[in-house]
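Trainee: 3D model of this:
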Amino acid sequence: MRQFNERIVLQAIRLHGALPKADVGRLTRLSMQTVSMIIDRLIDDGLLAKQPRVRGRIGQPSVPIALRPDGAYTVGVKVGRRSLDVLAMDFTGRICSRDLFEYAYPDPQQLFPALEARLARINDSLGADAKKIVGVGVAAPLWLGGWQNFLGAPEDALAAWDDIDIGARIAAMTGLPVEFAKDTTAACAAELVMGQGRGIHNFLYLFVGTFIGGGLVIDGRLHGGPHRNAGAVGSIPTAGGIVGGAQQPAKQLLHTASGFVLEKLFSDVGAPPAAAHDHRALAPDLWRYTEQWLDGACPAIANALTNAAALLDLEAVVIDGQLDRQLLREIIRRTERVLDHFEWEGMVRPQLLEGTIGADARAMGGAILPLYAHFAPSHELFLKPATELEA
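Mentor: Now for the predicted structure:
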């Protein structure tokens with residue numbers, strides 16, 4: 001119970017920012033004596049710190065209590081189909097170190113030595129504080145060895161992933177506890193805890209990276225599903241039927257709205273595929289190909305999220321990605337325009353919102369995972385919206 005109450009206090013301050021003891025007591029419904037004892041203990045443990053006194057209009061000056069940035073650290077690892085991201089996050093959620101390793105496809109023989117070197121660099125950068133790292137959070141696709149043809153990987157180059165437990169490999173490498181989530185679920189967790197999710201309780205999350213994927217938040221909690229694959233929007237069918245008397249297979253959303261589709265359009269005309277994920281996608285000489293991609297991607301996204309809204313009664317759809325922000329806003333604008341022509345009778349149209357985290361979302365979501373395990377009352381409570389703590 002003592003540990004649970006400590007975590008309740010930490011959670012209240014994490015969600016609301018620096019708070020005087022009286023406000024912590026009001027939010028947690030703990031007695032002032034209990035709150036005072038817990039806060040003093042957490043200050044002694046180096047997890048909380050007193051801020052300068054604040055004078056109000058009425059009563060005595062208050063002393064806000066805040067999370068101490070160097071109280072603890074976590075490491076986030078995003079193992080992607082085009083890149084490896086490794087970052088360190090302090091106790092307040094600030095990124096204090098970040099490293100990137102890019103590749104054409106994820107070859108485990110290259111990836112794990114590169115990861116080990118980057119983890120060592122993080123330890124070096126933190127110096128004596130490296131001992132405060134409480135765990136590693138891993139964000140990776142559930143089927144990292146799949147779709148090798150789309151990545152241009154040699155035959156059987158990715159087959160080794162079928163027998164690799166990424167979490168176990170990293171645990172052996174670091175000696176630290178490891179938490180794992182699907183990459184886009186981790187990105188959704190970052191948005192839930194640090195972005196739009198602070199004010200929305202039910203939303204579908206879309207992340208446009210090499211592949212398009214997503215996550216799902218229901219009642220203010222991240223919903224993983226029994227197979228950790230909820231929000232797998234990339235697999236939603238978008239087309240199919242009878243063509244020329246023959247049954248055509250239904251395409252999945254990822255075949256139309258993923259970043260690799262735009263990469264291929266660029267590479268076919270001699271442009272760098274990586275331009276799909278930065279400002280170069282908006283350049284005049286490439287815009288015609290970007291617009292060609294948008295013309296296919298946005299109607300497909302609109303169709304997928306409409307079906308999701310009918311089933312889940314969503315408040316919003318949050319769209320983010322490894323894209324230039326202007327291009328992301330263009331996706332939202334054009335998708336809204338498609339939705340204007342849909343029939344909404346019998347359901348509520350969700351609002352489309354721009355994600356706030358961007359390319360770091362998957363690795364940041366990974367780094368958040370150890371915070372769930374070490375400093376939240378429970379995984380679920382960590383994800384409760386602030387209004388529930390006030391209820």
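
Trainee: How about residue 342: what's its closest non-neighbour residue?
Mentor: In space, and not counting its chain neighbours, residue 342 is closest to residue 306: 5.7 Å by CB to CB, 6 or more residues apart in numbering. Yep, even glycine has a C-beta here, placed from its N, CA and C like the rest.

Trainee: Can you verify that neighbour is assigned to a helix?
Mentor: Yes - when classified by DSSP: H, G, I helix; E, B strand; the rest coil, residue 306 is found to be part of a helix.

Trainee: Would you confirm that it contacts residue 339?
Mentor: Yes - in this structure, residue 306 sits in contact with residue 339. The criterion is CB atoms under 8 Å, and the distance is 7.0 Å.

Trainee: how far away is residue 338 from residue 259?
Mentor: Counting by CB to CB, to the nearest Å, the gap from residue 338 to residue 259 is 20 Å.

Trainee: Look at these two and report which has more neighbours.
Mentor: residue 259 (26 against 15; other CB atoms under 10 Å).

Trainee: Go ahead and confirm the more buried one touches residue 322.
Mentor: Yes - taking CB under 8 Å as the definition, residue 259 is a contact partner of residue 322 at 6.6 Å.

Trainee: Please identify every residue contacting each of these two.
Mentor: Residues touching both residue 259 and residue 322 comprise 208-210, 277, with contact defined as CB atoms under 8 Å, 6 or more residues apart in numbering.

Trainee: The residue most central in space within the chain: what's it in contact with?
Mentor: Taking CA atoms, centre = their mean, the centroid of the chain lies closest to residue 187, which sits 1.1 Å from it. Taking CB under 8 Å, 6+ apart as the definition of contact, the neighbours of residue 187 are 139, 205, 207, 215, 320, 357, 361-362, 364-365.

Trainee: Present those residues as TSV; the columns should include distance to residue 55.
Mentor: Compiled in TSV, those are given as follows (distance: CB to CB, whole Å):
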residue	distance to residue 55
139	44
205	41
207	44
215	43
320	40
357	36
361	39
362	43
364	36
365	39
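
Trainee: does the residue nearest to residue 81 when sequence neighbours are not counted count as helix, strand or coil?
Mentor: Excluding its sequence neighbours, the residue lying closest to residue 81 (CB to CB, 6+ apart) is residue 210, at 4.6 Å. For residue 210, the reduced secondary structure class is coil; criterion used: three-state DSSP.

Trainee: Also the one 5 residues further on?
Mentor: Three states are possible here, and by three-state DSSP the one that applies to residue 215 is strand.

Trainee: Just give me the neighbour total for it.
Mentor: Other residues within reach of residue 215 by the criterion other CB under 10 Å amount to 31.
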